[in-house]
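Asks: sequence and predicted model, in that order:
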Amino acid sequence: MPGINDSVSSLLTSFLDVHSLRTQVISGNMANVDTPRYKARAVEFETYMRRLSARIAPELEGPAGALADFDDGAPTVVEKATDVVGMDGNTVDAAQEMASLAEAAMQYQFGLQMLQSRLRAIRLAIREGR
């Protein structure tokens with residue numbers, strides 16, 4: 001986030017970016033629900049956010065050296081592991097994707113509310129400091 005460099009705001013901004021990516025990946029899965037041999041994809045969200053939060057806020061980090069292999073790049077989009085395979089080889093489960101889309105939207109909204117609260121607190125601190 002331009003102009004605000006604290007760890008909480010950075011973490012919340014990354015949280016929103018990852019959920020935006022999750023929404024894009026889920027939408028791509030839904031768009032390909034009828035594409036033969038299409039393999040559903042997913043974002044490795046939990047691992048990425050855990051590692052990012054430990055990098056941004058070291059007090060949250062686990063054992064020493066846990067982040068030695070962390071790459072600051074984007075979260076990984078991987079082929080989703082699933083037991084559901086259609087007759088045409090497609091692995092998209094439309095019901096599961098719709099549920100995942102709803103969850104991602106709720107989590108994005110939560111992150112947005114948290115970031116708005118953070119910005120209100122910063123604005124209040126600036127006003128009180130005058």
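Replies: Sure, I can see it.

Asks: just checking, what packs against the helix ranked longest in the chain?
Replies: When the chain is parsed with DSSP state H, its longest helix is helix 94-128. Counting contacts by 3 or more C-beta pairs under 8 Å, 6 or more residues apart in numbering; DSSP states H and E, helix 94-128 packs against helix 7-31. Placement of C-beta: from N, CA and C, glycine included.

Asks: for the closest residue to residue 12 other than its chain neighbours, what are its contacts?
Replies: Nearest non-adjacent residue to residue 12, counting by C-beta to C-beta, 6 or more residues apart in numbering: residue 115, 4.4 Å away. By C-beta atoms under 8 Å, 6 or more residues apart in numbering, the contact set of residue 115 is 9, 12-13, 16.

Asks: so residue 107 makes contact with residue 16?
Replies: No: counting by C-beta atoms under 8 Å, residue 107 sits too far from residue 16 to count as a contact (9.3 Å).

Asks: quick check: next helix or strand after the worst-scoring helix or strand of the chain on mean pLDDT?
Replies: Every helix and strand of the chain was ranked by mean pLDDT, DSSP states H and E. The lowest is helix 45-56, at a mean of 73. Per DSSP states H and E, helix 45-56 leads on to strand 77-79 as the next helix or strand towards the C-terminus.

Asks: number of nearby residues for residue 22?
Replies: Residue 22: 22 surrounding residues under other C-beta atoms under 10 Å.

Asks: pick out the residue closest to the middle of the protein.
Replies: What sits nearest the mean C-alpha location of the chain, by C-alpha atoms, centre = their mean, is residue 18, with 2.9 Å.

Asks: test my guess that that one contacts residue 51.
Replies: No: with contact defined as C-beta under 8 Å, residue 18 does not count as touching residue 51 (11.6 Å).

Asks: next one: the residue nearest to residue 12 from residue 8, what distance?
Replies: 9 Å (C-beta to C-beta, to the nearest Å).

Asks: buried stuff in stretch 77-95?
Replies: Residues of stretch 77-95 classed as buried under the neighbour-count rule (16 or more other C-beta atoms under 10 Å) are 80, 90-93.
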